[in-house]
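# Whatever this is, show me its structure:
(chains A and B)
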Amino acid sequence: MITIKNLHASIDGKEILKGLNLEVPAGQVHAIMGPNGAGKSTLASVLAGREDYEVTEGSVDFDGVDLLELSTEDRAREGMFLAFQYPVEIPGVSNVNFLRTSLNEIREYRGEEAISAKDFMAMVREKSAIVELDAKLASRSVNEGFSGGEKKRNEIFQMAMLEPKLAILDETDSGLDIDALRIVANGVNKLRSEKNATIVITHYQRLLDYIVPDVVHVLYNGRIVKSGPKELALELEEKGYDWIKAEQEAI
Amino acid sequence: MGYTENELAKDLENQEYKFGFVTNIESDKAPKGLNEDIIRFISAKKEEPEWLLEFRLKAFALWKEMTEPEWAHVHYEKPDFQDITYYSAPKQTKKYESWDDVDPEMKETMSKLGISMEEQQRLTGVAVDFVMDSVSVATSFKSKLAELGIIFCSFSEAVKEHPELVRKHMGTVVPMTDNFYAALNSAVFTDGSFCYIPSGVRCPMELSTYFRINEGGTGQFERTLVVADQGSYVSYLEGCTAPQRDENQLHAAVVELIALDNAEIKYSTVQNWYPGDKEGKGGVYNFVTKRGLCERNAKISWTQVETGSAVTWKYPSCILKGDNSIGEFYSVAVTNNYQQADTGTKMIHLGKNTKSTIISKGISAGKSQNSYRGLVQIHKNAENARNFSQCDSLLMTDECGAHTFPYIECKNSSAKIEHEATTSKIGEDQIFYCLQRGISEEKAISLIVNGYCKEVLNQLPMEFAVEAQKLLAISLEGSVG
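The predicted model follows:
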């Protein structure tokens, strides 16, 4: 689904990603873990196309398309979805209006007709159930006055509506209590299929109890330094990151 | 890639005025300049009664003694009052019997404005009193309104047909001594609209007037008088567009609203007069006095969406004279390029238990200056008066300005006054969030801005709200990509 080769990216002249390699095939969930400042959120931002970051080297193939050549909105229309660590509030714009605009822009890009109001509302009902999102939230302004948990659930609800090929969950577990975490994880699991892929960025192993990854990667100092099966997450939880740091410094 | 604020600023600057065209209809004009003879000419042209001529001459005498105000946060070259044509009427003299009789070119103008009369009549049931350069040319739905005793006609017609009503109310809310431009208007006003809703009648449709300044160099001095008798209700819409002109055109209207006991008036304006080009050349000067008077339990609600004019100076106000009366002001003001707007409201609380609400949303782009100026005044007998004010400013560039001048004068300790104000820049984060959901920059900005103005847009009648949203989109539309 996505193949990242030797990716270098910097912000304000400071290099954050320093030759990152990563491959996530369709049908898989990969977790990216790592200490603070390793570049996890930078990776998410660079892939989504945030303009503050400058890509200086490397390539990203997204299902056959050169991702780095695409504008932010075209990346989204090609099927990339970023669940934000801090979902943004847009006062006065209802969630449904926002999503319908989004969905129709994506459909137009793909040469499909705009969705009818009736089909759209049916879809809203079906998908909001996946994350147990109150239907009332769908008609409220985007993220405005939502609790932390509601915001994160709303991200997964949007993901369900837009049916992306690749979803990147950026610290989706942060600020969630155990019930909300379970709901969010259930949502993500229901959306897993052979045709899509998911990258889960997280600090903690806890989320991976619910969303079981195929591969766990450790991101340190702008590179993937270790990859392994899901047990790697447990090892990290137990031992922390110091041994990774020590290992890296030894090299 | 992403959309920066600088790019947005550029797009806004490049956006041209969409209604720049001139209708070629022969005009019956007064010579340029202003003196007693011109006023007599106007009055004679309009076949006015003696009392009205006297009213005009008295206003003119007062105006000559007054000086142009300078306290507003705007800078402009003062109009040369001797270089303005004060009367210009399209040459047709007869009123139209049917819509088919209307000059095709005038119809064309209206359809360019997107207000095809047939359409409006058929689809919305809006009765339109169309004012083109001072003289009303078409009025519809009159007979239906007449059945209910509602009078909705041009001001000149009202002077002829209902002189007692005009004489009784005209100048009672905005006296000719009120300010420089109100005095000028009182002396030289040419036409406008008049509306009277009889006691206990709920006007079944939105009443709508489209103003349009057409003749180059013509100052337009409209006068509108709306009287809602006891227990009546009316919703009145005012929309304006002007063709593109190089010289500045002066517009100094007076609008008076009178809501008698238990009556309610809802007055909505969408204004997109020519704002001048992107160097700040040309554009309309809009110096308007709008005020409403509320008697007992009455309510007046002003809603305005202002995207046009080079210089705007406008404070739709409410005098809450009667006990339990309510005043509301909802405003969106967009300024772009070199536009300057100084707008707001005055809420004068005289009666007991009077309530007022002010929601003002300013959007500044380009190098424009956008000011909110408001006065909340609680008089000593206004027991338990309440006011809530909210003034938000949204900045699009680093070069524009947003200013807030709230004045509060309170002489009764039982009053409760709340004022909230925010200033924000359009968020890069919000735009990025939209982009990441596949929404284009242009649509993202339109969504965010419309969301920001929602509280005000919600106050507009349905068809007007759609127009206002389009207007905001046009104002913010750019050559993205």
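
# make it CA atoms for all contacts and neighbour counts henceforth
Noted.

# Show me where the stretch 351-481 of chain B dips below the pLDDT cut-off.
Judged by pLDDT under 70, the stretch 351-481 of chain B has its weakly predicted residues at B:463, B:474-481.

# now swap in the stretch 101-250 of chain A and tell me
Residues of the stretch 101-250 of chain A meeting the criterion pLDDT under 70: none.

# now the strands for it?
For the stretch 101-250 of chain A, the strands defined by DSSP state E, counting those that start in this stretch cover A:141-142, A:166-170, A:197-201, A:215-220, A:223-228.

# Would you mind telling me which of the ones you listed is nearest chain B?
In terms of Cα to the nearest Cα, the element of these nearest to chain B is strand A:141-142, at 8.6 Å.

# Throw the strands of the stretch 101-250 of chain A into TSV and include mean neighbour count, thanks.
Converted to TSV, those look like this (neighbours: other Cα atoms under 10 Å in any protein chain shown):
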stretch	mean neighbour count
strand A:141-142	22
strand A:166-170	25
strand A:197-201	25
strand A:215-220	23
strand A:223-228	17
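
# Put together JSON lines for the ones you listed, with distance to B:Lys281 on each row.
Formatted as JSON lines, the strands of the stretch 101-250 of chain A follow (distance: least, Cα to Cα, whole Å):
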{"stretch": "strand A:141-142", "distance to B:Lys281": "40"}
{"stretch": "strand A:166-170", "distance to B:Lys281": "50"}
{"stretch": "strand A:197-201", "distance to B:Lys281": "54"}
{"stretch": "strand A:215-220", "distance to B:Lys281": "57"}
{"stretch": "strand A:223-228", "distance to B:Lys281": "56"}
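
# Go through those and name the closest to A:Lys245.
Minimum separation from A:Lys245 across the strands of the stretch 101-250 of chain A (Cα to Cα) falls at strand A:215-220, 7.9 Å.

# can you give me how far the closest one is from the chain middle?
15 Å (Cα atoms, centre = their mean, to the nearest Å).

# Partner strands of that strand and their direction?
If you go by DSSP bridges, strand A:215-220 pairs up with strand A:29-33 (parallel), strand A:223-228 (antiparallel).

# any residues touching the first one, and which ones?
With Cα atoms under 8 Å, 6 or more residues apart in numbering or on different chains as the test, strand A:29-33 has contacts from A:24, A:40, A:197-204, A:208, A:212-219, A:233.

# quick one: buried residues of that strand?
A:Val29, A:His30, A:Ala31, A:Ile32, A:Met33 (16 or more other Cα atoms under 10 Å in any protein chain shown).

# among these, which two are most distant?
Greatest spatial distance in these: A:Val29 and A:Met33, 13.0 Å, computed using Cα to Cα.

# buried set for stretch B:379-386?
Neighbour-count burial for stretch B:379-386, counted by 16+ other Cα under 10 Å, picks out B:His379, B:Lys380, B:Ala382, B:Glu383, B:Asn384, B:Ala385, B:Arg386.

# Please name the residues that touch B:Cys318.
Per Cα under 8 Å, 6+ apart, neighbours of B:Cys318: B:Arg291, B:Gly292, B:Leu293, B:Cys294, B:Ile300, B:Gly327, B:Glu328, B:Thr345, B:Lys346, B:Met347, B:Ile348.

# And those, which is closest to B:Ala187?
Nearest to B:Ala187 out of those is B:Arg291 (Cα to Cα; 18.3 Å).

# and the host helix or strand of that closest one, how far from the chain's centre?
B:Arg291 belongs to strand B:284-294 when assigned by DSSP states H and E. Counting by Cα atoms, centre = their mean, strand B:284-294 is centred 7 Å from the centre of its parent chain.

# what's in contact with that strand?
Here strand B:284-294 has contacts from B:173-174, B:181-182, B:248-261, B:273-276, B:300, B:309-322, B:325-327, using Cα under 8 Å, 6+ apart.

# Would you point out which residue is most central in the chain?
Since no chain was named, I'll use chain A. Centroid-nearest residue in chain A, with Cα atoms, centre = their mean: A:Ile168, separated by 1.7 Å.

# Find the nearest non-adjacent residue to B:Thr335, please.
Counting by Cα to Cα, 6 or more residues apart in numbering or on different chains, B:Ser364 is the residue found nearest to B:Thr335 once chain neighbours are left out, at 5.0 Å.

# Pop out the phi and psi values for that neighbour.
phi -110, psi 130 (degrees, to the nearest 10).

# how much space between it and A:Leu133?
To A:Leu133, B:Ser364 is 37 Å away according to Cα to Cα, to the nearest Å.

# who's more crowded, these two?
Each of B:Ser364 and A:Leu133 has its neighbours counted (other Cα atoms under 10 Å in any protein chain shown); B:Ser364 has more, 28 against 18.

# how close does that one sit to B:Ser389?
Counting by Cα to Cα - B:Ser364 and B:Ser389 are separated by 20 Å.

# Same check on B:Ile363?
17 Å.

# for B:Gly283, same thing?
From B:Gly283 across to B:Ser389, the span is 31 Å (Cα to Cα).

# Enumerate the residues of the stretch 1-150 of chain A near chain B.
By the rule Cα under 8 Å from any Cα of the partner chain, the part of the stretch 1-150 of chain A lying against chain B is A:48-51, A:70-77, A:81-82, A:87-93, A:98, A:101-103, A:105-106.

# Phi first, then psi, for whichever residue of the stretch 201-350 of chain B sits closest to chain A.
Chain A sits closest to B:Val332 of the stretch 201-350 of chain B, with a gap of 14.1 Å, by Cα to the nearest Cα. The phi/psi pair for B:Val332 (degrees, to the nearest 10) reads phi -120, psi 120.

# Got the phi and psi for the spatially most central residue of chain B?
Ranked by distance to the mean C-alpha position of chain B (Cα atoms, centre = their mean), the top residue is B:Thr269 at 5.0 Å. Backbone torsions of B:Thr269, given as degrees, to the nearest 10, read phi -130, psi 130.

# Next, the contact list for it, please.
If a contact means Cα under 8 Å, 6+ apart, then B:Thr269 has B:Leu237, B:Glu238, B:Gly239, B:Thr303, B:Gln304, B:Val305, B:Glu306 as its contacts.

# So what touches the helix or strand containing A:Gly58?
A:Gly58 is located in strand A:53-62, with elements delineated by DSSP H and E. Under the criterion Cα under 8 Å, 6+ apart, residues A:1-12, A:19, A:45-46, A:66-68 lie in contact with strand A:53-62.

# Identify the neighbouring strands of whichever helix or strand comes after that strand in the sheet and state each direction.
Next in sequence after strand A:53-62, counting helices and strands by DSSP H and E, comes strand A:65-66. Strand A:65-66 pairs in its sheet with strand A:53-62 (antiparallel), by DSSP bridges.

# quick one: the strand it pairs with to strand A:166-170, angle?
Per axes from the mean of the first three to the mean of the last three Cα atoms, to 10 degrees, the angle that strand A:53-62 makes with strand A:166-170 is 140 degrees.

# Report the distance from strand A:53-62 to the chain centre.
Its chain's C-alpha centre and that of strand A:53-62 lie 17 Å apart, by Cα atoms, centre = their mean.

# In that strand, which residues are buried?
For strand A:53-62, the neighbour count (16+ other Cα under 10 Å) marks A:Tyr53, A:Glu54, A:Val55, A:Gly58, A:Ser59, A:Val60, A:Phe62 as buried.

# Mind putting these into CSV with pLDDT?
Listed next are the buried residues of strand A:53-62 as CSV, based on pLDDT from 0 to 100:
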residue, pLDDT
A:Tyr53, 93
A:Glu54, 94
A:Val55, 95
A:Gly58, 96
A:Ser59, 96
A:Val60, 97
A:Phe62, 96
